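Colleague: Sequence first, predicted coordinates after that:
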Amino acid sequence: MWLGPEEVLLAGALWVTERANPFFLLQRRRGHGKGGGLTGLLVGTLDVVLDSSARVAPYRILHQTQDSQVYWAVACGSSRKEITKHWEWLENNLLQTLSIFDNEEDITTFVKGKIHGIIAEENKNEQPQSEEDPGKFKEAELKMRKQFGMPEVEKLVNYYSCSYWKGRVPRQGWLYLTVNHLCFYSFLLGKEVTLVIQWVDVTQLEKNATLLFPECIKVSTRDSELYFSMFLNINETFKLMEQLANIAMRQLLDNESFLQDKSLPKPRRPLKNISALKRDLDARAKNECYRATFRLPKDECLDGHTDCTLWTPFNKMHIPGQMFVSNNYICFASRAEEACHLIIPLREVTIVEKADSSSVLPSPLSISTKSKMTFFFANLKDRDFLVQRISDFLQRTPSKKPCSIDREWKWNVADPSSEEVPELSSSSPLAVSPTSALSHRPISFCAGQVPTASQGLLKLFRRNSEELSGPKGAKEKMKEESWNIHFFEYGRGMCMYRTAKTRELVQKGIPENLRGELWLLFSGAWNEMVTHPGYYADLVEKSMGRYNLATEEIERDLHRSMPEHPAFQNELGIAALRRVLTAYAFRNPTIGYCQAMNIVTSVLLLYCNEEEAFWLLVALCERMLPDYYNTRVVGALVDQGIFEEFTREYLPQLSEKMQDLGVISTISLSWFLTLFLSVMPFESAVVIVDCFFYEGIKFILQVSLAILDANMEKLLQCCDEGEAMTILGRYLDNVVNRQSVSPPIPHLHALLTSGDDPPLEIDIFELIKTSYEKFGNLKADDIEQMRFKQRLKVIQSLEDTAKKSVVRAVSGDIGFSMEELEELYVVFKAKYLMSCYWGNNRAAAARRDQSLPYLEQYRIDMEQFKELFISLTPWACGAHTPVLAGRLFRLLDENRDSLINFKEFVTGMSGMYHGDLTEKLKVLYKLHLPPALNPEETESALEATSYFTEDVTTEETQEDKGKRNENGPEKEEKGTSPQDYRYYLRMWAKEKENKKETIKDLPKMSQEQFIELCKTLYNMFSEDPVEQELYHAIATVASLLLRIGEVGKKFSNRPTRKSEDCKANSTQDPVSEEESPTSEQSQNSAVEQQPQADHEDKASVDAQPEKTQQENQTLGDGSGEGQGSPLQLLSDDETKDDMSMSSYSMVSTGSLQCEDIADDTVLVGCEGSSAAARYGSTIDTDWSISFEQILASMLTETALVNYFEKKVNILQKIKDQKKVERQFSSSSDYELSSVSG
């Protein structure tokens, strides 16, 4: 490429001049190419260690005038071809002009101006893709692409200098972290190390220090462990590696591949050597942390944060901490963890003003809200800029007036225009039709009526009020009063100061009247609800009456959700639960519905109205318990791994025992998925839910540890899993809430109590207190960090399980061993994943459906199949291989969706690798019949309809599918009706019945199809060690079969249709329906009369000795001395696109040696070239041959039998394929040595 002229002081150092003229020098870097000697090795090592640009561009052109000592670099190149092009341009366009100049300074000025002009012209045509990336970084990306052969779409995130430990020897080099790969390159004194690892293959990332290695990063894959050390900033590197590995895991989990965020704000000052991608990833990490800390919606992006102090009126102090500003929120977190948290939604803000500075309160800022609260921030460094940012965001905040949280919850509603919450009227709950959609009854609040927004089912179904007047009622009133005092001091609603005092109140249990309100606040669900008015009502309306797999599962589980509670013993509660679960299934089809969601949602409905319960469910599934409720409960398994780690750390004695018994995996799923609601009495479990909404998963983990700790002695004496489960079940069953004002609900686990001794009751508040005392030091940040690590482990183990189940599913019908199948699965999956992140569009990712069985999840298209076929097939056909791959793909793609799954892929591979000669020939034979042959490749496509009757049904189903798509997504959802399942079962049974196919079932082959088969065989033998023998054998067989076909014609009782033959070039149906009445007869007669045919053959041979001899010689010697290599057999026509219209129906000029024949001559031997055909020759449409005849003829030639029965090791092919993929262009530095020499 051309360079903006740069001054070079030492032109000779480390460079060798290869060409020169009076004005320019072309130089090559020492050590590039062979024969560099020791100097070359040293220079190569220096270039790698010092990250010199000469690694990317080992050639350069310098400009120099005769008397000047200064050189100017004007061009550089990565290859000799590139630099020569520039050199020739300079010689042709500048030399003559430069010789006219007298003054050397003018020459240099002219050259510089010309080069700048070329660069400007080039840049004008190019799209400025990543202007933000600094020059040094672009150079590193170029090196990475050249070194590892990565395509343009593979983006470099960052690169680091480090050492890779090979054995006990450190290799100094460069680690490149790209979006999808970890790459390392080192070159030390001739020893080259190139590593390329996909992030999806990483099973473990650890940062540790051992005696053997200094502080290092260990990267584990399924078959290797790699150690990297000597980083300048190991923490930054490790954090980025974790992030990239987790993006890869996310891709495996739900196809969410990496998309760069283009909306990032530009940095105020240029950042040295930091790519836009690195900034993007850093911003993502900060955003995730910010959202998790303050429980904000998933689309909230942090704009910036600054140190400041907050004036807290409740204790009259200035608390130091950080202010965070994003599009819709201003948040504050104190330095001391428990001191104070604050969330101010911008929709609530009325005034932002700069107060007067004083020595006590420097740079103060006051923010006032609609709820008459004012917050004072001080010690702000860049106050003016901050105020400007906040005012910008305030201008963008929607002006619509959401209803105030206080107004709604204090129930003094007087404004009829406030936000309408669709809800069932509370005045006559049972009079309302339980199945009516919510949106049909929007209610406006009016004074004096208890608004339905505060109505949970518990209030409608409170069975008696005796408890409210007793001591429990008094206790409840005291709790409410203490919360009211708290609201008075700390504020109420979203802008409440959240302090250690708030947590203490939550630990004591939230009063039932306030439970719904506080759950919404602490979970952040309230924010999403007020910013999406009417969203739930619309979802309910859309989803009512719709039918799919999720709704079927929901219906099945509705009556299992807290059946002991009166609210769910009637249609009102059941209908509300149905609407919430169905609405969520339609909001998030990737989750849809998962068991355990019904139990959690039913409890939410007891304390909240439907809309509130819906948004709480959204907060749970999408933010607080990520990935818990998908088909593979990945999130719960991740937290189970964390729980095991904590057990090892805090309860080491018990940990080993629990591992032996295998209890942790059983208990943690039931405890975590339902938040203890399914294993504890209801009144106790809701207190756990209170704390969970305030603290998050940290609280569930610490309570779980406290439960194990309390039962340690008994568990250590257990003999089996069942006994341990009984002990824990009995313990949880007797966790009671003595302060509950609700009547006790019989708990299903009560049956576990046994023996005469009354069980020991455990107070839930005591359990919570103990959990904080013993395990309260768990940190939310640590848990998030551990989730990273565990997610790698869990998803990789799930992928291994998937691999095993797929391999087991296909192993019965396939000839490959389990080991071979596993290797093939890895290659197949890798090819699929590559399309996800290197494909031009994201269609590959879109076609993976998580709800499908594992076998169906990964599917590849024709292009990917061709790549795999070319690298793995034992039948290499040179330039013809992609054509053969395309045919095999069409043969395997039975449902015609242009995708094949793993089973179809290995079925195709097995046909080529396993089975006897007959089976392999059968595969080859089918590849030259429809549907494997395209209509474009052959003009006899309609022959398919006489045998492949399923094509018709396929077309019909595709038409139906098209109609379905036209009708929109609504129709698709309804499609999964019970009839569909029965239909598929019938289809499956039918498939199982007629699975065995005999050779008699195969249709006959026409002459043009047979010629294509011969062409394939010729190409197949071209690279074989005994190719001459094979060519001779196939020539003999082809000649014999062509004559057998001729003889067979005489027995087929067909009148000759010369006029029809003439039309063969223009029509698409040379064989047509005429074959149907006589085809069986002709086939049978041809087979029965085989001896007679042979006899006639001999007669015809005697009658025409010269012609036959000539044919045999032509076919036999086709690739002999006269013709040279088999590549010469392929004419120019053949090397063109094999899919062209005439390439199948006519024989290519040189693919088989042929004589020119007259228009009306029948093709005998291998006559009839495409050239002749173009001048009017036609293929004989009456000629046909059966598979038995081909098989019998082939068996007569030992060379052919040996070729097809030869065993090929597919594992070696897979290893070679991986090597080719891994090598990329690591040898590219030396590729042009022969030229340069």
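Modeller: Cool, got the structure. What you see is a predicted model, and the numbers here were worked out from it, not measured in a lab.

Colleague: tell me the contacts of residue 374?
Modeller: If a contact means C-beta atoms under 8 Å, 6 or more residues apart in numbering, then residue 374 has 366, 367, 368 as its contacts. (Each C-beta comes from the backbone N, C-alpha and C, glycine too.)

Colleague: For ChimeraX, write a command that selects the buried ones of these.
Modeller: Selection command for ChimeraX covering only the buried members of those, criterion 16 or more other C-beta atoms under 10 Å:
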select :367,368
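
Colleague: Inside strands: which ones of the contacts of residue 374?
Modeller: With strands identified by DSSP state E, the entries of the contacts of residue 374 that belong to them are 366, 367, 368.

Colleague: just curious, which of these is nearest to residue 986?
Modeller: Each of the ones in strands among the contacts of residue 374 was checked against residue 986 using C-beta to C-beta; the closest is residue 367, at 67.8 Å.

Colleague: Which residue comes closest to that closest one once chain neighbours are left out?
Modeller: With sequence-adjacent residues excluded and distances taken as C-beta to C-beta, 6 or more residues apart in numbering, residue 367 is closest to residue 375, at 4.8 Å.

Colleague: And that neighbour, how far from residue 609?
Modeller: Applying C-beta to C-beta, to the nearest Å, the value for residue 375 to residue 609 is 31 Å.

Colleague: what about those two, which has more around it?
Modeller: residue 609 (25 against 21; other C-beta atoms under 10 Å).

Colleague: Do I have it right that that one meets residue 458?
Modeller: No - counting by C-beta atoms under 8 Å, no contact exists between residue 609 and residue 458, whose distance comes to 11.5 Å.

Colleague: which helix in this protein runs the most residues?
Modeller: For the chain, the longest helix by residue count, based on DSSP state H, is helix 780-811.

Colleague: Check which helices and strands that helix sits against.
Modeller: Judged by 3 or more C-beta pairs under 8 Å, 6 or more residues apart in numbering; DSSP states H and E, helix 780-811 is in contact with strand 202-208, helix 234-254, helix 276-294, helix 634-650, helix 697-710, helix 818-838, helix 854-857, helix 902-913.

Colleague: Nearest to residue 147 among these would be which one?
Modeller: Across the helices and strands packed on helix 780-811, residue 147 has its closest neighbour in helix 818-838 (17.3 Å, C-beta to C-beta).

Colleague: what angle separates that closest one from helix 780-811?
Modeller: Angle, helix 818-838 to helix 780-811, by axes from the mean of the first three to the mean of the last three C-alpha atoms, to 10 degrees: 130 degrees.

Colleague: out of the ones in strands among the contacts of residue 374, which one sits closest to residue 901?
Modeller: Looking at the ones in strands among the contacts of residue 374 and their distance to residue 901, the nearest is residue 367, at 57.7 Å (C-beta to C-beta).

Colleague: Name whatever forms a beta bridge with the closest one.
Modeller: The residues listed as beta-bridge partners of residue 367 by DSSP bridges are residue 352, residue 375.

Colleague: how about it, what does it touch?
Modeller: With contacts defined as C-beta under 8 Å, 6+ apart, residue 367 is in contact with 330, 344, 349, 351, 352, 374, 375, 377.

Colleague: Please tell me how far it sits from residue 1019.
Modeller: In this structure, residue 367 lies at 77 Å from residue 1019, with C-beta to C-beta as the measure.

Colleague: picking up where we left off before, want to throw the ones in strands among the contacts of residue 374 into a markdown table with pLDDT and distance to residue 831?
Modeller: Below are the ones in strands among the contacts of residue 374 laid out as a markdown table (pLDDT from 0 to 100; distance: C-beta to C-beta, whole Å):
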| residue | pLDDT | distance to residue 831 |
| --- | --- | --- |
| 366 | 92 | 60 |
| 367 | 93 | 55 |
| 368 | 93 | 60 |
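
Colleague: Could you single out the nearest of the residues you listed to residue 236?
Modeller: residue 367 (34.7 Å).

Colleague: I'd like the distance from that closest one to residue 794, if you could.
Modeller: From residue 367 across to residue 794, the span is 43 Å (C-beta to C-beta).

Colleague: again, but for residue 316
Modeller: Using C-beta to C-beta, which is the criterion applied here, residue 316 is 49 Å from residue 794.

Colleague: Tell me which of these two has more neighbours.
Modeller: Under the criterion of other C-beta under 10 Å, the comparison of residue 316 against residue 794 puts residue 794 first, with 24 against 7.

Colleague: could you say which helix or strand contains residue 929?
Modeller: Taking DSSP states H and E as the criterion, no element holds residue 929; it sits outside all helices and strands.

Colleague: I'd say it and residue 1004 touch.
Modeller: No - with contacts counted by C-beta under 8 Å, residue 929 stays clear of residue 1004, the gap being 9.2 Å.

Colleague: What count of nearby residues applies to residue 720?
Modeller: Here the number of neighbours of residue 720 (other C-beta under 10 Å) works out to 11.

Colleague: Without its sequence neighbours, what residue ends up closest to it?
Modeller: Distances taken as C-beta to C-beta, 6+ apart put residue 661 closest to residue 720, at 6.7 Å, once the chain neighbours are dropped.

Colleague: State the distance from that neighbour to residue 715.
Modeller: Looking at residue 661 against residue 715, where the rule is C-beta to C-beta, the gap reads 8 Å.

Colleague: Next, show the common contact partners of the two.
Modeller: Common neighbours of residue 661 and residue 715 (C-beta under 8 Å, 6+ apart) are residue 724.

Colleague: more neighbours, these two?
Modeller: More crowded of residue 661 and residue 715, by other C-beta under 10 Å: residue 715, with 21 against 18.

Colleague: Local confidence estimate at that one?
Modeller: pLDDT, residue 715: 90.

Colleague: same question, residue 384
Modeller: Per-residue confidence for residue 384 comes out at a pLDDT of 89.

Colleague: what does the strand or helix carrying it contact?
Modeller: In this assignment (DSSP H and E), residue 384 forms part of helix 383-396. Contacts of helix 383-396 with the rest of the structure, by C-beta under 8 Å, 6+ apart, involve 303-304, 306, 323, 325-328, 330, 346, 349, 352, 354, 363, 365, 380.

Colleague: From those residues, keep the buried residues only.
Modeller: For the contacts of helix 383-396, a neighbour count by 16+ other C-beta under 10 Å gives the buried set as 303, 306, 323, 325-326, 328, 330, 346, 349, 352, 363, 365, 380.

Colleague: In strands, which of the residues you listed fall?
Modeller: Counting by DSSP E, the part of the buried ones among the contacts of helix 383-396 found in strands is 303, 306, 323, 325, 326, 330, 349, 352, 365.

Colleague: Can you add distance to residue 553 and give these back as JSON lines?
Modeller: Formatted as JSON lines, those follow (distance: C-beta to C-beta, whole Å):
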{"residue": "303", "distance to residue 553": "42"}
{"residue": "306", "distance to residue 553": "49"}
{"residue": "323", "distance to residue 553": "46"}
{"residue": "325", "distance to residue 553": "43"}
{"residue": "326", "distance to residue 553": "37"}
{"residue": "330", "distance to residue 553": "42"}
{"residue": "349", "distance to residue 553": "44"}
{"residue": "352", "distance to residue 553": "49"}
{"residue": "365", "distance to residue 553": "52"}
